[in-house]
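**Q** Starting from these lines, generate the structure:
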Amino acid sequence: MKHIRKALTLLLTALLVFSLCACGSNTTNSTSNSNKEETSQQTEAAAETVENAAGDSEKEPADDSNSDSNEKEAASVSIAESGDQTETSDESASARQEQPGNPPDGNGAPDGNGGPGGTPPDGNGAPDGNGGPGGTPPDGNGAPDGMPPGGEGGNGSSNHGGPGGAPGGSSSSDIEYSGAVEITSEDSQSDQTYDSSTVDESALLISTSDDVTVSNPTVSKSGDSDGGDNCNFYGLNAAVLVKDGSVTTITGGTITSDASGANGVFCYGGNGGQNGAEGDGTTVYISDTTITTTGDGSGGIMTTGGGVTHAENLTVTTSGRSSAAIRTDRGGGTVYVDGGTYTSNGLGSPAIYSTAEIHVANATLTSNLSEGVCIEGLNSIELTDCDLTADNTECNGNATFLDSIMIYQSMSGDAASGTSSFTMTGGSLTSKSGHVFHVTNTSAVITLSGVAITNEDSENILLSVCDDGWSGGSNEAALNASAQELTGAILVGSNSTLHLNLTDGSAFEGYIDGAITNAGGTVVSTETGTVSVTLDDSSTWTLTGDSYVTEFNGDAANVISNGYTLYVNGTALTGTGNN
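**A** Presented below is the predicted three-dimensional model:
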């Protein structure tokens, strides 16, 4: 009976298809598609009728695993009978393309297990092109280093440069790590040379849970990698890679990387790129070492996957795109830097790109083409007694503003969403081009105390909070100033929010408005958003233009009108002080 039933099904199907094709041979493509749908429905109905006629005793249990093959067989009969093979093939290809797969930029859920990730602002796959916002964000990490504030500008990952970059592997377990020299147990080495010119091979690979000490090394790495996020997230092709829970101490020496995707010293904490997850204990202590990288996607010191890096008195110089001097990416970690000089020269390459918790003290930080620092998502940077100089003269990835401190969220997956934090105490901040601070697509808290800020840009914009090249988040900022002098315009877009708090003798000389034009000349906003200003009794605000806020808290006498008007919800504030 089974054979009879199948034969009847095929015969009836063929007769129906032949009849429909004969009737509709002159129809348009859209009609043809409609007829195909009707044909499919009629074929299924006919098959069901024949099955029922065969009797209940011949029915077999439904097998879901065979349903796809049965549909394919029916489609095959239809193709053979109608001669419309090319169009059916195209439809099948389209159906395959709609199936979920690995994110094109490697920025899906951690380890590639989620759905498609966003495109890093910088091609990072991040604002680092961290894919994103490959971002590496500004530096190519997909974002801002994010290769997008993706990272950094190329990584698709964080590095707006930020999150960006080529597709990565699904997890670190898929990578076949290798090193010209491999240390796999407790060891101490001095005055050794480590060299590799092989693609995707580290010059020195430390893969052990034991303690390792390396003194006065000479490390050379060449051999460009196209490993994309495997390089950004997991350390493939790094000059020095430390992983698997090792506590490694590196003292003195030189580390030189002349290749793409070849970070200088990479600390991978093993959490598989799970943002906020604990690492496996991998920790790098490095001091008095000179690190130089020249290729794209090649940061100086790189921390991901929950790793921990302690750096002291390093001299780090990077020249490639999406190559922050102090760089992090998916999975984050913790970085402590004390002393040294950190210089980045490439597009989408901030001095610091953060998808982690970063603390820097007593250091000189210089970015000669990108933002000075970039923070993506729920992450932070704390600077204490540092001298930071940025000359951001070229927009990277999705960015449409020039700025020195960029705080954003690329949505590339390189950083969890939440409140970003930038804290600077003492030291100096020199902004040579664009806005000093820029917040977009995230919530941010900026805390300043005793910082000498110099704005050399002719527009003299201190802070902008507004739309930029990313979406999916809100533009919200709090600027908290303690014993701090602030000068310049504060611009808040119509859909954005700012809380300005001046305490402990702080002084703000500037105005607040919502008329904003980006670096390309496009008008972003014409009206001021939601702004609250709070002055304690020891702090003052001197107007340099008419200003517009929705809430004012403090003594009006501490607002020096200087011939201008402060409007609070459209009403001029009275009782302001005079010069």
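**Q** burial count for residue 227?
**A** Residue 227 is flanked by 25 other residues according to other Cβ atoms under 10 Å. For glycine as for every other residue, the C-beta is placed from the backbone atoms N, C-alpha and C.
**Q** contacting residues around the spatially closest residue to it that is not a sequence neighbour?
**A** The shortest distance from residue 227 to any non-neighbouring residue, by Cβ to Cβ, 6 or more residues apart in numbering, is to residue 236 (4.5 Å). The contact partners of residue 236, taken as Cβ atoms under 8 Å, 6 or more residues apart in numbering, are 175, 177, 200, 225, 227, 230, 261.
**Q** Apply 7 Å and report the result again.
**A** If you count contacts by Cβ atoms under 7 Å, 6 or more residues apart in numbering, residue 236 has them with 175, 200, 225, 227, 230.
**Q** Mind picking the two most distant members of these?
**A** Farthest pair in the contacts of residue 236 (Cβ to Cβ) is 175 and 225. Separation: 11.2 Å.
**Q** So between these two, which is more surrounded?
**A** residue 225 (21 against 18).
**Q** Please list all residues in contact with that one.
**A** Neighbour list for residue 225: 199-200, 231, 236-237, 259-262 [criterion: Cβ under 7 Å, 6+ apart].
**Q** ok, residue 383 - how many residues close by?
**A** Neighbours of residue 383 (other Cβ under 10 Å): 27.
**Q** tell me the contacts of it?
**A** 360, 424, 427 are the contacts of residue 383 under Cβ under 7 Å, 6+ apart.
**Q** Just the element for it, please.
**A** Assessed by DSSP states H and E, residue 383 sits inside strand 380-384.
**Q** Equivalent analysis for residue 350, please.
**A** Counting by DSSP H and E, residue 350 is part of no helix or strand.
**Q** Retrieve the pLDDT associated with it.
**A** Note on residue 350: pLDDT of 98.
**Q** got any ranges where the stretch 151-300 of the chain has weak pLDDT?
**A** Within the stretch 151-300 of the chain, the ranges that satisfy pLDDT under 70 run 151-170.
**Q** of all the contacts of residue 383, which comes closest to residue 523?
**A** Closest to residue 523, out of all of the contacts of residue 383 and judged by Cβ to Cβ, is residue 424, at 30.9 Å.
**Q** which one is that closest one nearest to, not counting chain neighbours?
**A** residue 383 (4.5 Å).
**Q** okay, now the closest residue to residue 517 other than its chain neighbours: neighbour count?
**A** Once flanking residues are discounted, residue 517 sits nearest to residue 523: 5.4 Å by Cβ to Cβ, 6+ apart. Residues lying near residue 523 (other Cβ under 10 Å) number 9.
**Q** Isn't residue 523 up against residue 514?
**A** No: applying Cβ atoms under 7 Å as the test, residue 523 and residue 514 come out as separate, 11.0 Å apart.
**Q** these two touch, right, residue 347 and residue 396?
**A** Yes: Residue 347 lies in contact with residue 396 (Cβ under 7 Å); the separation is 5.3 Å.
**Q** of these two, who's got more company?
**A** Set residue 347 next to residue 396 and count neighbours by other Cβ under 10 Å: residue 396 wins out with 41 against 27.
**Q** and stretch 549-562, which residues are buried?
**A** Buried residues in stretch 549-562, counted by 16 or more other Cβ atoms under 10 Å: 549-550, 552, 554, 558-562.
**Q** Okay, and which of those residues map to strands?
**A** 549, 552, 559-560 (DSSP state E).
**Q** And stretch 499-512, what's buried?
**A** 499-503, 506-512.
**Q** what's in contact with it?
**A** Contacts for stretch 499-512 (Cβ under 7 Å, 6+ apart): 462, 478-490, 492, 528, 531-536, 538-549.
**Q** again, only this time at 8 Å
**A** 449, 460, 462, 477-492, 498, 528, 531-536, 538-549, 564.
**Q** Quick check: end-to-end length of stretch 314-331?
**A** Using Cα to Cα, to the nearest Å, the end-to-end distance of stretch 314-331 comes out at 24 Å.
**Q** Kindly apply the preceding question to stretch 523-532 instead.
**A** End to end - Cα to Cα - stretch 523-532 spans 24 Å.
**Q** With stretch 237-244 instead?
**A** 16 Å.
**Q** Measure how far it is from the centre of its chain, please.
**A** 22 Å (Cα atoms, centre = their mean, to the nearest Å).
**Q** could we number from 234 for the rest of this?
**A** Fine by me, first position is 234 from now on; the one you just mentioned is stretch 470-477.
**Q** tell me which residues of stretch 703-721 are tucked away?
**A** Going by neighbour count (16+ other Cβ under 10 Å), the buried part of stretch 703-721 is 703, 706, 708-717, 719-721.
**Q** re earlier: so which of the contacts of residue 616 wins on neighbours?
**A** residue 593 (27 neighbours).
**Q** Can you tell me the strand partners of the helix or strand where it lies and which way each runs?
**A** Assigned by DSSP H and E, residue 593 falls within strand 590-594. Within its sheet, and counting by DSSP bridges, strand 590-594 is paired with strand 566-577 (parallel), strand 613-617 (parallel).
**Q** Return the most buried member of those strands.
**A** Counting by mean count of other Cβ atoms under 10 Å, strand 566-577 has the highest mean neighbour count of the strands paired with strand 590-594, with a mean of 23.
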